[in-house]
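Next comes the sequence, and after it the predicted model I'd like to discuss.
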Amino acid sequence: MEPSSNALVASPELMRLIAHPLRMRIVGSLRMDGAATSAILARRLGTDSGQTSHHLRLLARHGLVEEAVELGKGARGRERWWKAVHDSTFWASAGVGGAEAMMAVQKTARAIWDQAIDTYHEQVATQKWNAAWQQAAASSDYVVRTTPERLERLCQDIERLIRESDIGDTAEADAEKVLVVLHTYPHRESR
């Protein structure tokens with residue numbers, strides 16, 4: 001993956017594609033856990049390789065995953081290794097038009113939040129974080145009064161800080177992959 005590669009999801013069709021729970025988990029696993037065959041993904045995700053293979057082909061057709069040809073074909077020459085093409089996904093509803101696009105945006109956002117919450121609960125239940133990680137990890141929410149232009153700049157600044165914090169594949173002993181999920185949206189009073 002390129003160091004700052006983002007997958008822009010800018011059509012209702014692509015939003016529906018990525019909002020599928022298994023496809024979302026496949027992309028997430030390839031990003032967090034590394035390249036895999038459909039059989040390895042099936043074990044990681046608790047499904048069968050026929051399902052993962054089908055969804056990998058759909059994701060590849062839309063440029064979200066690709067074959068990891070550098071990993072070869074395995075001992076029998078038949079294994080297909082896959083990797084994520086981008087290290088993050090973002091979507092923009094501007095320009096995709098109408099009610100269908102907004103419904104797709106809402107469904108995608110909900111699916112991403114649901115998956116992030118499930119992953120968080122799984123990690124909390126199964127991982128024993130040392131004191132340094134317990135202190136460093138955070139969950140926050142903020143309310144700010146701003147304009148669309150300032151919000152866009154805020155998101156760009158946050159992304160820049162995330163990129164600056166990413167040490168990549170360096171050999172620091174205490175380095176681990178960390179999931180950062182960000183949603184910003186206008187909040188209007190419910191009536």
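Here it is on my side, so go on.

Tell me where the chain has strands.
6-9, 65-67, 82-84, 88-91 (DSSP state E).

And the ones you listed, which one averages the lowest pLDDT?
Across the strands of the chain, strand 6-9 has the smallest mean pLDDT, namely a mean of 62.

what's V180 sitting at in phi/psi?
Main-chain torsions, V180, degrees, to the nearest 10: phi -120, psi 120.

repeat for the one 10 residues further on
Here the main-chain torsion angles of S190 (degrees, to the nearest 10) amount to phi -80, psi 140.

and the top helix by length along the chain, what other elements does it pack with?
If you go by DSSP state H, the chain has its longest helix at helix 98-126. Packing partners of helix 98-126 (3 or more Cβ pairs under 8 Å, 6 or more residues apart in numbering; DSSP states H and E): helix 12-19, helix 21-33, strand 88-91. In short, each C-beta sits where N, CA and C put it, glycine included.

Next, the buried residues of that helix.
Burial within helix 98-126, assessed by neighbour count using 16 or more other Cβ atoms under 10 Å, is assigned to A101, A104, V105, T108, A109, A111, I112, Q115, A116.

Which members of those are the farthest-apart pair?
Pairwise distances across these (Cβ to Cβ) peak at 22.3 Å, for the pair A101 and A116.

show me where pLDDT drops low in this structure?
Residues of the chain meeting the criterion pLDDT under 70: 1-11, 74-77, 90-97.

quick one: which of the buried residues of helix 98-126 is nearest to E67?
Of the buried residues of helix 98-126, the one sitting nearest to E67 (Cβ to Cβ) turns out to be Q115, at 24.2 Å.

For G63, see how far away that closest one is.
Applying Cβ to Cβ, to the nearest Å, the value for Q115 to G63 is 20 Å.

Give me the neighbour count for M24.
Residues within reach of M24, counting by other Cβ atoms under 10 Å, total 21.

Relative to S165, how far out is the nearest residue to it once chain neighbours are set aside?
Excluding the flanking residues, the one nearest M24 by Cβ to Cβ, 6 or more residues apart in numbering is Q115, at 5.2 Å. Distance of Q115 to S165, given as Cβ to Cβ: 22 Å.
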